[in-house]
Each structure stands twice: as C-alpha cells, then as structure tokens.
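A.B. asks: could you look at this predicted model? Sequence included:
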There are 2 protein chains.
Amino acid sequence: MKLYSWGAAPNPRRVLIYMAEKGIEIPVAEAGGGAQLTDDYLARYDGRIVPMLELDDGTQIGEAMAICRYLEEAYPAPPLFGVNRRDRAMVDMWERRAETEGFAGVAEVFRNSTPAFAGRGLPGFAEPIEQIPALVERGRKRLARFYGRIERQLADNRFIAGSRFSVADITALCIVDFATKGAKVGLPEDHTNARSWHAEVSARPSIAG
Amino acid sequence: MKLYSWGAAPNPRRVLIYMAEKGIEIPVAEAGGGAQLTDDYLARYDGRIVPMLELDDGTQIGEAMAICRYLEEAYPAPPLFGVNRRDRAMVDMWERRAETEGFAGVAEVFRNSTPAFAGRGLPGFAEPIEQIPALVERGRKRLARFYGRIERQLADNRFIAGSRFSVADITALCIVDFATKGAKVGLPEDHTNARSWHAEVSARPSIAG
C-alpha cells in the first residue's frame, strides 16, 4: 500500500492524523510539487485530487473517509467510527455534515480568493475553472454556520459526535485549521466551547506531532 | 422510528429507494408544504434539511447516507454497502464522489437558476442566500465531469461501484434524475454506457414502483 499526499493540504491531512491515531505505518508519497500536483501523479490517478491510497494490486481508493474506513477494518483499535449502532450513526452524520457544510465553505473561500489558485476554482479539473468572487462571501456564511453548529454541539459533548474522539473530530479539526490559515476565518472569540475543543484535540500526539 | 421526507426531493429519495430495496417499512412524514419546509419541521430539526430519521428516543439522524448506513446494520440483506473490504471501499468512494461531484454540481445549477429558489441559494439557512448566476455554468461543468466519470466506469462495470447494485447507484441515479428534471441537464446522448445503466436501474421495482 502507498498513500499519496500533498504537503499540508487538508484532505490528505485527515488520513495522516487518522493513521497517527492508530499507529498505522504506510509509505507516504508526495504527489505535489509547489502549488500543483505533479504530472506523474495526474497521469497515475484520473481523480486528479489527493489523498489516494494505492493497494498492491493497483486498486486506487480515493476520498479521505473511504480510505479511513478501509483502514478501520484492518485496524479496528481504537475505534474511530463509533462504538455502537447509534454512535456510528452520529459519527457518520457529523463527519458528513462537516464535509458538506464546513469543508465546502472553506474550500469556496480559499479556492475563489487565493491568487495562486486563479483558474483553479475547483479541484480535480484539467480545464481552467475561473474563480467566482461572490463565492468568497457565501463560503464564509457556510463556514460560520458550521462553526455555530459545532459550538452548540460541543456545549453538551466533549467531542464532535459525542463522548469519544472520532473521525468527525479529525475532519472538523482539519477544517478549522485550514480555514484559519488558508482562508483567514478562524473560530470566533465567543465560540468558547469550540475553542476549548480545538485546543484539546490539537494537543493530541497525533496532531501536535 | 419516523423518516421525514419532502415530496420528490432528491436527498430523501435516496433513503426511500434504499428502504424499498430492502423491504424496510418505516412511517414517512411529509416535512414540506409547497416550495418550503413547514415551520413545524424547521422548529423540530435545526439541521433544516431533509431527510431526517427520528428514533423513538428522540435521536435525530441527518444526512441520507448516515441514515442508510444506520439501517444497514439492522437490515443487512441484501448488502448495499459492499460485500468485502475492497468492495466496501469502492462503494464508499463512489458514493462520496457522486455526492461531492455530481450532487454538488446539480445543486449549484438548480439552486442558482430556479426562480422559486430566489434567496435560497443554499439549503438549510434561515437567512436569505442570494443566487449566484455564475454558479449555474460552473455547476454544469461539475455535473459534466461526473457524467464523464461514470460513463468511463460503466464501460467495465455493470454498476457504479462494480458488479453489484449498491448505494452508489442509488445516489448516482437520484443525481441523474434530479439533473434531468430539475436542472435540464440529462445524460448526453453519447454516454451510452451511462444511459444503459440508467435504463437498467430505473426498471428496478424499488425505483419503477
């Protein structure tokens, strides 16, 4: 197996944190060169995004959470997708919610406002995709809504999906860090529950390094 | 348990088709009235979208695929999330790919071009979200890319994730039908593999009714 990653990009980071939580060691190949994926990688994987896990038989698994779930079956401890049926549903719901609300929001801000991504308003396209400036403001609204939701959720829960650390925390953390650094939209000062959660999870060995 | 749905909306449709494939009978409540979700529903569920599965203890499970996965544990036959580790990864990857590429694309076209959705450019918001006309064209590009991918995938595979019908087919079918009816972007004539697949899955009793 080999995992293809790209510098500090947020999607492969989800898989790398997941692996560190489990103590999983898989060779990691760098798929990027500067601000682009390399031609070699783009020729290898028609998904044209990272991360991608390539199995020894050549099977390519894309999508960060599909990769983590694939690994979960071989490395069940500690469980990061929930511990019982209801809990697994909460993890899956919050992880997907983080992806469709939070990740989509920060990606809209980042991709449509970053000069180095001019002509690359969407990932994965070979053809130019122009930036849409109006999406920067809309992306901020999506992100703000997601921040509000996790703030309320974390008032009664230590972690995003309940009482245990899970992949939902990993996705949410990567969103917050990407938004803070890449889109200049950090957690608001008054989101005290979310800020405490962020400080706690950031101190985990898998994340603090 | 009760499932909240909304007319012919594509996301709850994924769950309804899934239930029909399994023969699962759960009471379904209508959460919409005309072109809006009802005030009762919006007060009940702060996610402000459909579908939502409410358990007897009040637990609310949102996100179509989190609901289906929750049901899968109680109703494992026939398996719709894959039959072995590699197969499960392919189903999860293609289902997520369909959601992030196909669904996002058709939603951008539909939400930003449909007059009845003026001020509702994104689902789930209480505040107005203005339509962004430039997203209609970008959404078409995303959708075209997704169509191209399933066309290539279906050249060698009977179903979206391989040789068996799965939730990836359900999501892809709902995207194609929503795009055809709601966004006037059907499968291109020359996408013969995808068109054959669409005809085959549309004839299933769970879909043809």
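C.D. replies: Now that the structure is in, tell me what you want to look at. Source: prediction; values computed, not measured.
A.B. asks: can you map out the strands along chain A?
C.D. replies: A:2-5, A:28-30, A:32-33, A:36-37, A:52-54, A:60-62 (DSSP state E).
A.B. asks: now these in JSON lines, please, with extra columns for mean pLDDT and distance to chain B.
C.D. replies: Where C-beta positions appear, they are placed from N, C-alpha and C, glycine not excepted. Supplementary listing: the strands of chain A in JSON lines, determined by pLDDT from 0 to 100; distance: least, CB to the nearest CB, whole Å:
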{"stretch": "strand A:2-5", "mean pLDDT": "98", "distance to chain B": "13"}
{"stretch": "strand A:28-30", "mean pLDDT": "97", "distance to chain B": "18"}
{"stretch": "strand A:32-33", "mean pLDDT": "90", "distance to chain B": "20"}
{"stretch": "strand A:36-37", "mean pLDDT": "91", "distance to chain B": "16"}
{"stretch": "strand A:52-54", "mean pLDDT": "98", "distance to chain B": "8"}
{"stretch": "strand A:60-62", "mean pLDDT": "98", "distance to chain B": "5"}
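A.B. asks: ok, residues contacting the biggest helix by length in chain A?
C.D. replies: Ranked by residue count, the top helix of chain A under DSSP state H comes out as helix A:134-156. Outside helix A:134-156, the residues that touch it by CB atoms under 8 Å, 6 or more residues apart in numbering or on different chains are A:94, A:97-98, A:101-102, A:104-113, A:121, A:160, A:172, A:175, A:179, A:183, A:185, A:187-188, A:191-194, A:196-197, B:46, B:121-122, B:124-125, B:127, B:129, B:132, B:134-135.
A.B. asks: narrow those to those in helices?
C.D. replies: Using DSSP H, the subset of these located in helices is A:94, A:97, A:104-113, A:172, A:175, A:179, A:192-194, A:196-197, B:134-135.
A.B. asks: weed out the non-buried ones from the residues you listed.
C.D. replies: Buried members of these, scored by 16 or more other CB atoms under 10 Å in any protein chain shown, are A:94, A:97, A:104-113, A:172, A:175, A:179, A:193-194, A:197, B:134-135.
A.B. asks: so A:G82 makes contact with A:D92?
C.D. replies: Yes. In this structure A:G82 lies within contact range of A:D92 using CB atoms under 8 Å: 7.5 Å.
A.B. asks: neighbour count for these two, which is higher?
C.D. replies: Under the criterion of other CB atoms under 10 Å in any protein chain shown, the comparison of A:G82 against A:D92 puts A:D92 first, with 26 against 20.
A.B. asks: give me the number of residues near A:L42?
C.D. replies: Look at A:L42: counted by other CB under 10 Å, it has 16 neighbours.
A.B. asks: residues contacting the residue nearest to it when sequence neighbours are not counted?
C.D. replies: Distance criterion CB to CB, 6 or more residues apart in numbering or on different chains; nearest residue to A:L42, sequence neighbours excluded, is A:R48 at 5.7 Å. When contacts are counted by CB under 8 Å, 6+ apart, A:R48 touches A:L37, A:L42, A:P123, A:G124, A:F125, A:A126.
A.B. asks: apart from its neighbours in sequence, what residue is nearest the third one?
C.D. replies: Right, A:P123. Per CB to CB, 6+ apart, closest to A:P123 is A:I49, 5.2 Å.
A.B. asks: got it, and A:A74?
C.D. replies: Closest to A:A74 by CB to CB, 6+ apart is B:R85, at 7.5 Å.
A.B. asks: what of A:R96?
C.D. replies: Per CB to CB, 6+ apart, closest to A:R96 is B:E63, 4.4 Å.
A.B. asks: try A:P188
C.D. replies: Leaving out its chain neighbours, the residue that sits closest to A:P188 by CB to CB, 6+ apart is A:Y147, at 6.6 Å.
A.B. asks: wait, A:L80 sits on A:I160?
C.D. replies: No. If you go by CB under 8 Å, A:L80 and A:I160 don't touch, sitting 11.8 Å apart.
A.B. asks: between the two, which has more neighbouring residues?
C.D. replies: Using other CB under 10 Å as the criterion, A:L80 and A:I160 rank with A:I160 on top: 28 against 25.
A.B. asks: tell me how many other residues crowd the residue nearest to that one when sequence neighbours are not counted.
C.D. replies: Leaving out its chain neighbours, the residue that sits closest to A:I160 by CB to CB, 6+ apart is A:A168, at 4.1 Å. Counted with other CB under 10 Å, residues neighbouring A:A168 total 28.
A.B. asks: wait, doesn't A:A168 sit right on A:F159?
C.D. replies: Yes. Using CB under 8 Å, A:A168 makes contact with A:F159 at a distance of 7.5 Å.
A.B. asks: output the below-cut-off pLDDT ranges for chain A.
C.D. replies: Residue ranges of chain A with pLDDT under 70: none are present.
A.B. asks: next up, phi/psi of the residue of chain A positioned farthest from its centre, please.
C.D. replies: Of all residues in chain A, A:D57 has its C-alpha farthest from the mean position, at 26.5 Å, by CA atoms, centre = their mean. Note on A:D57: backbone dihedrals following degrees, to the nearest 10 are phi -90, psi 10.
A.B. asks: so how far is chain B from it?
C.D. replies: 9 Å (CB to the nearest CB, to the nearest Å).
A.B. asks: need the residues touching each of A:L80 and A:I160.
C.D. replies: Applying CB under 8 Å, 6+ apart, one finds that A:L80 and A:I160 are jointly contacted by A:S166.
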